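K.L.:
Only the shape, not the letters, is given here:
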């Protein structure tokens, strides 16, 4: 029997040392090259994402003559910070933001409340026909919004809701519920059933189990779904354009579409200033809630 002594092992490693060292060096070079390519790709993606924002901000500080007489990519000759004041006052962007908030906040609250309750009923409670009900909600995701605008406009006109923000609130709630119910039903799968069984044994009813157990367990999911629905509703143009029949009811997107300065002329500096207020405001909201959104996206994929 041959015994592999330390001397033999050392001699064996020394005999194949140069080839092993060269292999490790080639591997390290490949890793370094791959890291360089990853950095180049990430840098290009950052330029593609950030440069339009920078260009939009610089354009918002140009005068009308700068925008029309100079190159699109040129810097402002004079920095017109007053464009933001003009956008807020003359352009009525403050009014449009208020209208958007008055329409989005109630609709979002109804979507989250009704969507969480429906997801709880469809996933946690056991009753006959819940699978069919879930399919009905999923069918609502397949209906194009363009198909329901004319019937809804007729209903709102006949019920006297035209000329208010209620058509926006009700329509946003109805169009946002199918996706919310589906996502919340998926998130409830990650909540352990033992918690609800223990609560039932302790004497908790359905409402108490929903408010005190399920809602805290899926709060990150609620935040994620709420942020997704918020961007959908806030950036809506079609529904708001259909149901707003006066300047006093215009939302941000409709106001930007019809943005004009004095005497009906388009002032490009204030227009881009209004766009910046809209874009950077929503961007700050996302950056502030980014970590919670990531937690909410991953929690639905894990079984508790």
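P.N.:
Happy to help now that I have it. Just so it is clear, the model here is predicted, and its values are computed rather than measured.
K.L.:
Look up how far residue 75 lies from residue 256.
P.N.:
Distance, residue 256 to residue 75, by C-beta to C-beta, to the nearest Å: 24 Å. (Each C-beta comes from the backbone N, C-alpha and C, glycine too.)
K.L.:
for stretch 67-80, how far is the first residue from the last?
P.N.:
One end of stretch 67-80 sits 12 Å from the other (C-alpha to C-alpha, to the nearest Å).
K.L.:
what's that stretch in contact with?
P.N.:
Residues from elsewhere that reach stretch 67-80 (C-beta atoms under 8 Å, 6 or more residues apart in numbering): 55, 58, 59, 61, 62, 63, 66, 268, 269.
K.L.:
quick one: average pLDDT of it?
P.N.:
Taken as a whole, stretch 67-80 carries a mean pLDDT of 85.
K.L.:
check contacts around the residue nearest to the spatial centre of the chain.
P.N.:
Nearest to the geometric centre of the chain sits residue 228, at 3.7 Å (C-alpha atoms, centre = their mean). Neighbouring residues of residue 228 by C-beta under 8 Å, 6+ apart: residue 179.
K.L.:
Give the buried residues for the strand or helix carrying it.
P.N.:
Residue 228 is part of helix 219-234 when elements are defined by DSSP states H and E. For helix 219-234, the neighbour count (16 or more other C-beta atoms under 10 Å) marks 220-230, 232-234 as buried.
K.L.:
Any chance you could list what contacts whatever helix or strand comes next after that helix?
P.N.:
Remark: after helix 219-234, the chain's next helix or strand is helix 238-243, criterion DSSP H and E. With C-beta under 8 Å, 6+ apart as the test, helix 238-243 has contacts from 103, 145-146, 149, 152-153, 156, 162, 167-168, 171-172, 175, 250-251, 253-254, 257.
K.L.:
do stretch 144-162 as well
P.N.:
166, 167, 170, 171, 175, 238, 239, 242, 243, 245.
K.L.:
Report the secondary structure state of residue 259.
P.N.:
Classification of residue 259 by DSSP: H, G, I helix; E, B strand; the rest coil places it in coil.
K.L.:
gap between residue 138 and residue 114?
P.N.:
As judged by C-beta to C-beta, residue 138 and residue 114 stand 16 Å apart.
K.L.:
average pLDDT for the helix holding residue 228?
P.N.:
On average, helix 219-234 scores 90.
K.L.:
change the start of the numbering to 648 and stick with it
P.N.:
Shifting the count to begin at 648 puts that one at helix 866-881.
K.L.:
Distance from the chain centre to that helix, please.
P.N.:
Averaging C-alpha positions (C-alpha atoms, centre = their mean, to the nearest Å) puts helix 866-881 6 Å from its chain's average.
K.L.:
residues near residue 787, how many?
P.N.:
Close neighbours of residue 787, defined as other C-beta atoms under 10 Å, add up to 14.
K.L.:
how about the strands in the stretch 748-897 of the chain?
P.N.:
Remark: no strands are assigned in the stretch 748-897 of the chain by DSSP state E, counting those that start in this stretch.
K.L.:
any chance you could map the helices in it?
P.N.:
For the stretch 748-897 of the chain, helices defined by DSSP state H, counting those that start in this stretch occupy the ranges 777-787, 792-805, 813-835, 840-848, 853-856, 862-864, 866-881, 885-890.
K.L.:
Mind checking which of residue 903 and residue 722 has more residues around it?
P.N.:
Neighbours per residue (other C-beta under 10 Å) separate residue 903 from residue 722, with residue 903 holding more: 19 against 11.
K.L.:
List the contacts of residue 781.
P.N.:
769, 828, 829, 832.
K.L.:
If you could redo that for residue 869, that was the one I meant.
P.N.:
Counting by C-beta under 8 Å, 6+ apart, residue 869 touches 759, 763, 831, 862, 943.
K.L.:
related to what we said a few turns ago, want to try CSV for the helices of the stretch 748-897 of the chain, with distance to residue 675 as columns?
P.N.:
Listed next are those as CSV, based on distance: least, C-beta to C-beta, whole Å:
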stretch, distance to residue 675
helix 777-787, 51
helix 792-805, 55
helix 813-835, 44
helix 840-848, 50
helix 853-856, 57
helix 862-864, 46
helix 866-881, 40
helix 885-890, 55
